[in-house]
Structures are given as C-alpha cells and as structure tokens.
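Asks: Kindly return the folded structure for what I paste below:
(one chain, ligands or ions: 1)
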Amino acid sequence: MTTLPLTPASADHGHLHCGYFERGECRSCALLETSYGQQITDKETWCREILAEAAPREWLPTFAGGVRDFRNRAKLAVGGSAGQVTLGILDQEFHGVDLRECGIQAPAIRAVIPVLADFLDATGLEPYDVSARRGESKFVHVTAAPSGELMIRFVVRTQHGLDVLRSRRAQLIERVPDASVVSVNLLPEHKAVLEGSREEMLRGESLRMNLDRVDLHLRPQSFFQTNTHVAIGLYNQVAEWVDAVESANLWDLYCGVGGFALHCASPSRRVTGVEVSEQAIESAKISAGELGVDARFLAGDATEFAEANLVTSADATGPAGVERPDCMIVNPPRRGIGARLSAALESSGLEHIVYSSCNPVSLAKDLARMPSYQVAQARIFDMFPHTKHLEVAVLLERR
Ligand SMILES: C[S@@+](CC[C@H](N)C(=O)[O-])C[C@H]1O[C@@H](n2cnc3c(N)ncnc32)[C@H](O)[C@@H]1O
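Replies: A predicted model of the protein is given here:
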C-alpha cells in the first residue's frame, strides 16, 4: 500500500493549469483563473465582510488548502457508451466528459479512474442516458484515505446492475487491491441526486481514514470533510481552543464520524457526540473504542438533544443521562444551527462555544441570535480551493 503525501498547506500559491478548464469542458473550479494567493485574499475579504457585525476580536492566519491533489472524494458521473465509458461530469446536453486527469483529486483517485473505466467497460453495463432515461451505471464515488486505501461505490439504476457488479467483485478487487470498501448503491429514480438510500456492501464495511492523531472510520453514506489536510488542521485548531478553555465536559453536536470529539478527547475530558446518522455514530463508537477514550456517541437531532439535555444545574443530568457540558462544538450543514438551537445556546450560560461552519452567511445569522457571545478568535480553513466556498471556525466567549 502506498502512503500519500498530504498536500502542503501553502507550498504553492500559484495556479493549477487545467486543460479541461481551458477548453471549457469543466468549470467546476470556477476560480481557476485567479492565483491561489489572490483566491485566499478574496475569501478573507468576503468572509470578514459577512461576519463584520459579529466583530471577531482576532483573525488567525487562513489555513490554506493547496493548489492540487487536495480532494479526498470524487463523485464521477458515468457517461459515454457501453465499452467506452467516461468518468467525470455530464455536459449541458448530458454527454459524458471524462475527467481522469483532474488535478484537484488525490493522486490515488486519479490513478484508479482509468482502472474503474476499464472495469466498467468490461461489465458491458450501459451508462445511464439522462435524456432517454435508459441505461444502468449512473455514478462512481471514490474516497481515498491518506494510506492510499480506497472506498469505491457504484451507483446503478436497477437490481440488474447490482447483480452484474456483484458477479464481477473478484475481478474488481484483483484490479484495485487497495479498495478496502466496495459497495453498490441503487438509485432507481430519475432524480438529480448523486445516490439512493439502498447500499449493498461487496467488500469491507468502513474506510479507515488515518489522520495524524486519530483514525476515523467512514462508511459509504456518512459525511466526511473533503480535504483531508485541511480537516486535520481544523480538528487540531478546535482541539487547541478546547484545551485552552480547559473544558472537562465537551459536547460535539453534528459530530458525523466523530472528527472533532475524538481529536478533543483526553484523559481529563469527557466528550459526547450527537449526530442524526446512526451509521456515522456506529463509526464514531468504533474509533473511540480503538482509541480507548472517554467518549459517548448518541444518534439524534442536535437541536432536540440540546433543548432536552442542556439542564441548568451543573450536577444534574438530562433525560439522556448526560451531564451539562462546559463547552460545546457545533458543525452543522450549510443551513446552520437555526433559531431554536441558537436560542438554546444563548440561554445556556455556557462559557465557551466553538462553531465551525461551511457557510458564513448562516453563521452570521446564527451569531446575531446569540448576542451574549463575543467571537474571541476566528479562522478560515480553505477546504474548497478554486471555488468560492470555505470553512470558517470561531471560538465564542460569553460576554
Ligand atoms: C458538516 S457535517 C459535520 C460532520 C462532522 N462534524 C465532521 O467534521 O465530519 C454535518 C453533520 O450533521 C449531520 N446532521 C444533519 N442534520 C442533523 C441534525 N438535525 N441533528 C444532528 N446531526 C445532523 C449530518 O449527518 C452531518 O454528519
């Protein structure tokens, strides 16, 4: 197995030269014409503007995401025709555009795309034709761990696709021995989504994402930060904040597979993670068991959990048998934590909250709902280079 170098944070503030972009075949990296250094400056200006009302006391230096090789996950549309499939995106007429040389993907993903295209060719499965609503293969999702191990998921339309792929499992594993997880996802509906709800495992259960201090376990339908190097930087920054405020009892809401909670766990700290996906919670429990840390993971809605369990007295426990925290991490989806959870936090009396957000606009709205908190420090993490998206984390202190 090959060990991949992690993308250096700021080694190259230049350009990524991309033939697909220059030929107008793929515009997903919309900012490619702007130098990477300028992209960061522009994101800083924009993010500071959006968070101007919250007036952070201090902005820490932006954590850069790298110019190439930074994405640990590719969601490849299958196009072309049986025997000549393309793996990449579909153009406006729904014709396949092959992106096997895409420079932002982790090298292990780039290396496996041609192998997967050949494999799909050999199956004879028809790519799904969006206009005619006919065909079988819709997408291939590939995730790469730093170790080089891969999770490969084929998204097909019918049971026939599943049966064919299952019958060729051995050939796939022979061609891609690093594929420690292989699954088939069924998406029978003609819908503009990337996967369906039914997942059939062909090999393994979860991909071991070996980060520098913690191994996380990722199952097919769980969320994972798309830039491994930046994710490590984010988890370490938040752990540093949590250490600095000497939290002994920490909650991590929207915990996913436990990235924040497990980086913050320590012999002097109890951590509790809450997440709606039961699969992600199972993964987090496995990681906690391996690390031997004092961590509890519960499946449920973050807002309902907080409303029911943020009891006021320090020595009482809520209905889930969980003690009141002294610090809280929240890392919601793009919509933010919303009015109800913001209100619960505003009246919680907690001294410190860490909010990590992939959407500064919803973050600003949520912060405006929590006037008792001052942003002590803020830091941008460039999780999504060459796009206008970013992650921003803030440490909140009760005024
Ligand atoms: C941005 S991800 C963060 C995951 C995790 N903190 C990490 O670093 O990988 C947001 C997570 O919130 C979960 N989620 C979405 N709605 C939720 C809800 N109402 N209650 C709890 N978790 C929820 C999603 O399943 C997803 O894992």
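
Asks: Show me what stretch 235-251 is in contact with.
Replies: For stretch 235-251, the surrounding residues in contact (C-beta atoms under 8 Å, 6 or more residues apart in numbering) are 60, 63, 211, 213-214, 259-261, 263-264, 266, 268-274, 306, 322-329, 351-352, 354, 356, 377, 379, 381, 393, 395. From N, CA and C alone the C-beta is placed, and that goes for glycine too.

Asks: Please identify the helix or strand for residue 242.
Replies: helix 228-244 (DSSP states H and E).

Asks: That helix near the ligand anywhere?
Replies: No: figure legend: helix 228-244 not in contact with the ligand (C-beta under 6 Å from any ligand atom); closest approach 6.8 Å.

Asks: Following that helix in sequence, what is the next regular element?
Replies: Moving toward the C-terminus from helix 228-244, the next helix or strand (DSSP H and E) is strand 249-253.

Asks: by how many degrees do the helix holding residue 242 and strand 249-253 diverge?
Replies: With axes from the mean of the first three to the mean of the last three C-alpha atoms, to 10 degrees applied, the angle from helix 228-244 to strand 249-253 works out at 150 degrees.

Asks: in helix 228-244, what's buried?
Replies: By 16 or more other C-beta atoms under 10 Å, the buried positions in helix 228-244 come out as 228-235, 237-239, 241-242.

Asks: Which of these sits closest to residue 133?
Replies: residue 228 (36.7 Å; C-beta to C-beta).

Asks: In three-state terms, label the closest residue to residue 393 other than its chain neighbours for me.
Replies: In space, and not counting its chain neighbours, residue 393 is closest to residue 356: 4.2 Å by C-beta to C-beta, 6 or more residues apart in numbering. Classification of residue 356 using DSSP: H, G, I helix; E, B strand; the rest coil returns strand.

Asks: Going by secondary structure, the residue in the stretch 101-250 of the chain that the ligand sits nearest to is in what exactly?
Replies: With C-beta to the nearest ligand atom, the shortest gap between the stretch 101-250 of the chain and the ligand falls at residue 223, namely 3.7 Å. Using DSSP H and E, residue 223 sits within no helix or strand.

Asks: pretty sure it contacts residue 259?
Replies: No: using C-beta atoms under 8 Å, residue 223 makes no contact with residue 259, being 9.6 Å away.

Asks: Which of these two has more residues huddled nearby?
Replies: Neighbour count, other C-beta atoms under 10 Å: between residue 223 and residue 259, residue 259 has more, with 28 against 15.

Asks: In contact with that one, which residues are there?
Replies: Applying C-beta under 8 Å, 6+ apart, the residues contacting residue 259 are 211, 214, 216, 225, 231, 235.

Asks: so what's the backbone phi/psi at the residue lying closest to residue 57 once chain neighbours are set aside?
Replies: Leaving out its chain neighbours, the residue that sits closest to residue 57 by C-beta to C-beta, 6+ apart is residue 376, at 5.5 Å. Main-chain dihedrals, residue 376, degrees, to the nearest 10: phi -80, psi -50.

Asks: Could you do residue 328 as well?
Replies: Per degrees, to the nearest 10, the backbone of residue 328 is at phi -140, psi 140.

Asks: Just grab the bridge partners of it for me.
Replies: Beta-bridge pairing of residue 328 under DSSP bridges involves residue 251, residue 353.

Asks: I'd like to know how many residues surround it.
Replies: 25.

Asks: quick one: it and residue 72, what's the gap?
Replies: Separation of residue 328 from residue 72 (C-beta to C-beta, to the nearest Å) stands at 27 Å.

Asks: How about residue 114?
Replies: For residue 114, the distance to residue 72 - C-beta to C-beta - is 19 Å.

Asks: Give me the more crowded residue out of the two.
Replies: residue 72 (27 against 13).

Asks: Leaving out the residues flanking it, which one is nearest to that one?
Replies: residue 228 (4.8 Å).

Asks: residues in contact with the one you found?
Replies: Contacts of residue 228 were listed using C-beta under 8 Å, 6+ apart, and they are 6, 70, 72, 106, 146, 209, 211.

Asks: Would you mind confirming that the third one makes contact with residue 230?
Replies: No: contact criterion C-beta under 8 Å: residue 72 and residue 230 do not qualify, at 10.0 Å.
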